[in-house]
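Student: What would the 3D arrangement of this be:
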Amino acid sequence: MKRSFIVFVALLVVIVAIASNRVYSQNNTHQQTAGETTHETSGTEHTSGGGHSESVVVPVLFALIVLLVTAKIGGDAFERFQQPAVLGELVIGVVIGNLALVGIDSLEFLKENISLEVLAEIGVMILLFEVGLETNIKEMLSVGASAFVVATLGVIAPFFLGWGVAAWFLPAESLYTHVFIGATLCATSVGITARVLKDINKVKSREGQIILGAAVIDDIMGLVVLSIVTGLISAAGSGAEGVNSGAILSSVLKAVGFIVGALLIGSYLVPKIFKFGLRVKATGVLLTIALAVCFLLAFLAEKIGLAAIVGAFAAGLIMDDVHYRGYVERGEHGLDELIRPIALFLVPIFFVRMGLLVDLRTFSDPSILGFAGALTLAAIIGKQVCSLGVWNKGTNKFAVGLGMIPRGEVGLIFAKIGAGIFLAGVPIVSKPTYSAVVIMVMVTTLVTPPLLKISLLRKQEIAEKISSDVI
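Tutor: I've put the predicted structure just below:
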């Protein structure tokens, strides 16, 4: 069954690629013909039959068909093997992005299409907004100091290990590249770990509570680290020399100040905005307000030199369901239900596009494979240091460390941001380095579910056996 499904997926991808080759070739021919007609008529715009608009819209529409359909197929294929759908979306992106290696280059335009890039950017903001919505600060704080220590160790150790590995394998790259690679190892994918815990009914266990609490704190710390690093790179791009304590302190204060300020000011203003919105009789007011706040904070984050996802995440944190209860009471859907369809549309575009940017030719260099392996090892070992922060007796420390391993969507977001930051005309994360980071993300995401299940369930089996022997 599984083998036949894989064959079906492979055939479907090939069929889509061949079909797209004809469609896109026809579109290119149409554009060239329109261009020749325009030239021959001395600059007269070609608008017959809407040709001018069609040349812009048609490639985007076709790209959306390819990306959305293949993303769903890839996600379904991996879920059949009890793996996160995000991995399937990423892998299908890698496949599509490297079809040129077998002579099919009709989908190469997907990598450079500006419209898809914009949609992917909005998708990742919606993703972080969703994560913020699902994060309950009170519950996070109730987990206790243990989760905070676990999260802190889970940021510090991977950061410096990643920095060291990058400096060792990429000596020709700048210090900022080494630091940024360290930052990509900091955060943990809350979604993937939460799903595993839910599958084995361990969300309410002591280990589950520590893992989830630490993962959320870990993500916040990771976003702060990302903001600091991108701030330092921006300062260097504007002419500042070297990394000094003043620049670091400024970046720290800026990142922490933005998140704390957004939480404090937002917690005061958002309820008032939602209350005012109840007076508006038009439909969709709740969703409109929520998206406006999300994009406003993302915009402000970008304006002060932070990543837009920091603002989107902060926006999700301040959207307490108590604030919009009036909308639900009058018969409207909750915010999480309203935002879900938008996420289902935009988020897969982001992940498939991340896979598209992976160039498999970079792995022809053995050193890149070595770097990917060392980076993956650093990512795993760095999170195992988390177990040192667990001091509760009877807690499975090893399981806590395993639960913090997956980088998932967070690692991809960091890598994507690095690939888009340029210093002296050179991207901070080059194509080979980006490919190595994607390999790290895939491996850490793949190994966590089975290892965490084995660790937690084995402890339960041992406890049950001891109990039966005593009885």
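
Student: Name the helix or strand of the protein that has the lowest mean pLDDT.
Tutor: Within the chain, no helix or strand scores below helix 2-40, which has a mean of 51 by mean pLDDT, DSSP states H and E.

Student: For the next helix or strand along the chain from that one, buried residues please.
Tutor: Once the chain leaves helix 2-40, the next helix or strand it forms, by DSSP states H and E, is helix 51-79. Buried positions in helix 51-79, judged by neighbour count with 16 or more other C-beta atoms under 10 Å: 51, 55, 58-59, 62-63, 66-67, 70-75, 77-78. From N, CA and C alone the C-beta is placed, and that goes for glycine too.

Student: cool, stretch 328-338 as well?
Tutor: In terms of neighbour count (16+ other C-beta under 10 Å), stretch 328-338 has its buried residues at 332, 335, 338.

Student: Same check on stretch 289-302?
Tutor: Result for stretch 289-302 [16+ other C-beta under 10 Å]: buried residues 289-291, 293-295, 297-298, 300-301.

Student: got the residues you listed as CSV, with distance to residue 406 columns?
Tutor: Output for the buried residues of stretch 289-302, formatted as CSV (distance: C-beta to C-beta, whole Å):
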residue, distance to residue 406
289, 33
290, 28
291, 28
293, 29
294, 25
295, 28
297, 27
298, 25
300, 30
301, 25
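
Student: Out of these, list just those in helices.
Tutor: 289-291, 293-295, 297-298, 300-301 (DSSP state H).

Student: Identify the farthest-apart pair in these.
Tutor: Distances among these were taken as C-beta to C-beta; the most separated pair is 289 and 301, at 18.7 Å.

Student: Skipping its backbone neighbours, what lies nearest residue 132 in space?
Tutor: Nearest non-adjacent residue to residue 132, counting by C-beta to C-beta, 6 or more residues apart in numbering: residue 316, 1.9 Å away.

Student: And the next helix or strand past the helix or strand hosting that neighbour?
Tutor: When elements are assigned from DSSP H and E, residue 316 belongs to helix 308-317. Next helix or strand after helix 308-317 toward the C-terminus (DSSP H and E): helix 325-329.

Student: Now do the helix or strand following that following helix against helix 51-79, angle only.
Tutor: Toward the C-terminus, helix 325-329 is succeeded by helix 335-356 as the next helix or strand (DSSP H and E). Comparing the axes of helix 335-356 and helix 51-79 via axes from the mean of the first three to the mean of the last three C-alpha atoms, to 10 degrees yields an angle of 100 degrees.

Student: any idea of the mean pLDDT for helix 335-356?
Tutor: Helix 335-356 shows an average pLDDT of 90 in the prediction.

Student: Same question for it: list its buried residues.
Tutor: So for helix 335-356, counting by 16+ other C-beta under 10 Å, buried means 335, 338-339, 342, 346-356.

Student: now for that helix, which elements pack on it?
Tutor: Applying 3 or more C-beta pairs under 8 Å, 6 or more residues apart in numbering; DSSP states H and E, one finds that helix 335-356 makes contact with helix 51-79, helix 85-97, helix 109-112, helix 114-134, helix 285-303, helix 408-419.

Student: Could you list the low-pLDDT ranges of the stretch 201-350 of the chain?
Tutor: Low-confidence segments of the stretch 201-350 of the chain (pLDDT under 70): 237-247.

Student: ok, now the stretch 51-200 of the chain?
Tutor: Low-confidence segments of the stretch 51-200 of the chain (pLDDT under 70): 51-55, 139-144, 191, 195, 199.

Student: again, only this time at 80
Tutor: 51-56, 82-84, 131, 134-146, 189-200 (pLDDT under 80).

Student: how about the strands in the stretch 351-471 of the chain?
Tutor: Assigned strands in the stretch 351-471 of the chain, in chain order: 422-423, 426-427 (criterion: DSSP state E, counting those that start in this stretch).

Student: Please report how far residue 261 lies from residue 318.
Tutor: Separation of residue 261 from residue 318 (C-beta to C-beta, to the nearest Å): 11 Å.

Student: which of those two has more neighbours?
Tutor: residue 318 (22 against 12; other C-beta atoms under 10 Å).

Student: Quick test: name the residue nearest the centre of this structure.
Tutor: Against the mean C-alpha coordinate of the chain, by C-alpha atoms, centre = their mean, the closest residue is residue 409 at 3.1 Å.

Student: quick one: contacts for that one?
Tutor: Taking C-beta atoms under 8 Å, 6 or more residues apart in numbering, we find residue 409 in contact with 86, 127, 189, 191, 351.

Student: could you redo the last one with a cut-off of 7 Å?
Tutor: Residues near residue 409 by C-beta atoms under 7 Å, 6 or more residues apart in numbering: 86, 127, 189.

Student: how much space between it and residue 287?
Tutor: Distance from residue 409 to residue 287, by C-beta to C-beta: 23 Å.

Student: For the helix holding residue 316, give me every contacting residue.
Tutor: Contacts for helix 308-317 (C-beta under 7 Å, 6+ apart): 124-125, 128-133, 135, 137, 223, 227, 258-259, 262-263, 293-294, 297-298, 300-302, 413.

Student: just stretch 336-348 next, same as before
Tutor: For stretch 336-348, contacts defined as C-beta under 7 Å, 6+ apart pick out 68, 71, 89, 119, 122-123, 126-127, 129-130, 133, 286-287, 290.

Student: which pair in the residues you listed spans the largest distance?
Tutor: Farthest apart among the contacts of stretch 336-348 by C-beta to C-beta are 89 and 286. That separation is 28.6 Å.
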